[in-house]
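*Asks:* Test case, fold it:
(2 chains)
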Protein chains: 2
Amino acid sequence: MPELRHDPVQRRWVIIATERAQRPHDFQVDRALPQAQNCPFCTGHEAATPPEIAAFRDAAAPNAPGWKVRVVSNKYPALRIEGDLERAAAGQYDRMNGIGAHEVIVETPDHDKDISDLPIEHIGQILKMYRERLIDLQRDPRFRYILIFRNRGAAAGASLEHPHSQIIATPVTPRTVAVELQSAREHYAVKERCIFCDIIVDELRQHSRIVTADDDFVTWCPYAARFPFEMMLAPRKHAADYAAMDDAQILRLARHLREVILRMKDSLDDPPYNFLLHTAPSYQMQRRRPGYWSTIEQDWHWHIEILPRLTKTAGFEWGSGFYINPTAPEDAARYMRDVRVPVMER
Amino acid sequence: MPELRHDPVQRRWVIIATERAQRPHDFQVDRALPQAQNCPFCTGHEAATPPEIAAFRDAAAPNAPGWKVRVVSNKYPALRIEGDLERAAAGQYDRMNGIGAHEVIVETPDHDKDISDLPIEHIGQILKMYRERLIDLQRDPRFRYILIFRNRGAAAGASLEHPHSQIIATPVTPRTVAVELQSAREHYAVKERCIFCDIIVDELRQHSRIVTADDDFVTWCPYAARFPFEMMLAPRKHAADYAAMDDAQILRLARHLREVILRMKDSLDDPPYNFLLHTAPSYQMQRRRPGYWSTIEQDWHWHIEILPRLTKTAGFEWGSGFYINPTAPEDAARYMRDVRVPVMER
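*Replies:* Next up is the predicted model:
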């Protein structure tokens, strides 16, 4: 019998229909990476991208080789950084001009290494760059939210093969974040506890949906996962702001994240995937105004969602907002727990 | 400069970023249909499906050839029809058993004809079958919503090539419908006018986003379309319930729908697409209880959304609920208006 499950944070139902279940390697999925010719993200091609915004590099000169992690504007930005925000009515509708930021974090000079192939210290550099860009972009009062995400594989929407993350800063709080924030806020108002902390404590106690946990971080398959092998990663200790992590914590996150991605890749034969960071809304962190936004640090708990792309979104999903997940999260977690991941100290 | 637009019904922002624009035939999209071997929906293979629920047929015997439109249970249903609804807490979470209906409407015995290739009278039979199934399923007090949708092409999530629609009846109101209903209700509460009627009047006056209109129906590209060439079709005269249409209206809808799909196919070289019907929530139509649900007939306006699948959903969309649309709805509407569609009276 299929089962309907409700996600208390994202406030949506999913259908867990395991009678359609497939073993992890049975998913028919396009594993192709986008075609690469004259990759603009490779070392030596720095002139092919817009000028560098930031980089971790050995050599002193920007826009030259010698970098480990490099940030540039997106050459085809969805939003533009220059200009004042204009909000206006358009007849009965509402519009704003497309002010925002759209940056690319090139994660490594090495075209062929996905993030989980890199040494922990290098992954730490990427995750530190997330922090640096969040801190910088949070200073801009035009932005309400800064979303960092990663598309890997053509089926996950990547248009370039070279490993990279993207940042989009938007002048409105995205609906997905607003819904999560509302859930968290209402939970806290009643219980004086963080909803994410409650979920983490309960998941660790039950253990059936845990993928891996260490002293600092935990990754689990959410109770009402939309997609097969969907995962949530969060710090065990309450923390609203990703950018408040110190270097040591970021290195521990790098180790945890690499293990999680390796478990996913081994279970699913290197699937296309998306990953996205939900840190606290920017406007709030920045202003700390009294009133509505002042409780953000108690309400929010930053987290990373990891979404392997094994199923297709069709008319039912677009028309309902429901998802049909053919793999029970308990089964997905067990597969990924049982994978033997090589212990690597670096 | 990109532009942010807000959809007043679905309450989401989209980014219209036409600097990434492509001409209609430039979208790189997988137009493949699913592979077919021993298609279970073809005439003569009636035994390969679960028994027939309904059919329009010449021959008297069910589950034999001679049908024009045939409805069967989905062989791999997402929800099950048998049993009582059980709502329960699952620790801190909420669950229900997977009660619902999942049916397939085989639209024609002819494997190779998409809906727009059929005579108007035959399309009318398909649309009448939608009505018959809605009326029948609305009698079941366990169901809150009945969604009819259609996936065409592998990239749109179709697993069989043979033209078919699907029906899923769910025991909760889907979030997408709940959001639209809330918008419509709040609009009516303030203005005593239907939000969809207001949109239709304004779109017809502006004309720039109209794809086609006749005396009974209008199809336009929504102001804040998520996807390139996304369309909305609705009756010009206020009507909450699709199933209240009479046979003559349904035939006029068949003519209008065929024209719209032909305009889309010609503009986009036969793209994969989804289409979905948002009629009034079932629970309400059925009970007509005083109070919250009793105003549904004034609040709701049935509509069909047509979604060509030309772009991929990636980390940004999953993390934000925002969409990036590279084609302005005004441009999409103009392309589709300018297509010469053969006038066919049958």
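*Asks:* Which residue comes closest to residue A:245 once chain neighbours are left out?
*Replies:* Among residues not flanking residue A:245 along the chain, residue A:131 sits closest, at 6.5 Å (C-beta to C-beta, 6 or more residues apart in numbering or on different chains). Where you see a C-beta, it was placed from the backbone N, CA and C, and this is true even at glycine.
*Asks:* Over to residue A:86?
*Replies:* If the residues on either side of it in the chain are set aside, residue A:86 comes closest to residue A:97, at 4.7 Å by C-beta to C-beta, 6+ apart.
*Asks:* quick one: contacts of stretch A:183-197?
*Replies:* Counting by C-beta atoms under 8 Å, 6 or more residues apart in numbering or on different chains, stretch A:183-197 makes contact with A:8-11, A:198, A:234, A:238, A:295, A:298-301, A:303, all of which sit outside it.
*Asks:* what do you get if the cut-off is 7 Å, keeping everything else the same?
*Replies:* Applying C-beta atoms under 7 Å, 6 or more residues apart in numbering or on different chains, the contact partners of stretch A:183-197 are A:8, A:9, A:11, A:234, A:238, A:298, A:299, A:300, A:301, A:303.
*Asks:* which residues does the residue nearest to residue A:86 contact?
*Replies:* Residue A:97 sits next to A:83, A:85, A:86, B:1, B:3 when contact means C-beta under 7 Å, 6+ apart.
*Asks:* Of those, which is the most crowded?
*Replies:* residue B:3 (19 neighbours; other C-beta atoms under 10 Å in any protein chain shown).
*Asks:* Give me the neighbour count for residue A:144.
*Replies:* 19.
*Asks:* Tell me the pLDDT of it.
*Replies:* Turning to residue A:144, the model gives it a pLDDT of 91.
*Asks:* again, but for the one 5 residues further on
*Replies:* pLDDT, the model's per-residue confidence, is 98 for residue A:149.
*Asks:* and it, how many neighbours does it have?
*Replies:* As a burial measure, residue A:149 scores 24 neighbours (other C-beta under 10 Å).
*Asks:* Distance of residue A:339 relative to chain B?
*Replies:* 24 Å (C-beta to the nearest C-beta, to the nearest Å).
*Asks:* isn't that residue right up against residue A:268?
*Replies:* No. Assessed by C-beta atoms under 7 Å, residue A:339 is found out of contact with residue A:268, at 10.1 Å.
*Asks:* out of the two, which sits in the more crowded spot?
*Replies:* Taking neighbours as other C-beta under 10 Å, residue A:339 and residue A:268 compare with residue A:268 leading, 22 against 16.
*Asks:* In contact with that one: list those residues for me.
*Replies:* Contacts here follow C-beta under 7 Å, 6+ apart; on that basis residue A:268 touches A:24, A:229, A:308, A:310.
*Asks:* For the first one, which residues are in contact?
*Replies:* By C-beta under 7 Å, 6+ apart, the residues touching residue A:24 are A:267, A:268, A:335.
*Asks:* Just the element for the last one, please.
*Replies:* Residue A:335 belongs to helix A:329-338 when assigned by DSSP states H and E.
*Asks:* now that helix: how far from the chain's centre is it?
*Replies:* Distance of helix A:329-338 from the chain centroid (C-alpha atoms, centre = their mean, to the nearest Å) equals 20 Å.
*Asks:* cool, stretch A:158-173 as well?
*Replies:* 10 Å.
*Asks:* Which positions within it qualify as buried?
*Replies:* Buried positions in stretch A:158-173, judged by neighbour count with 16 or more other C-beta atoms under 10 Å in any protein chain shown: A:158, A:160-173.
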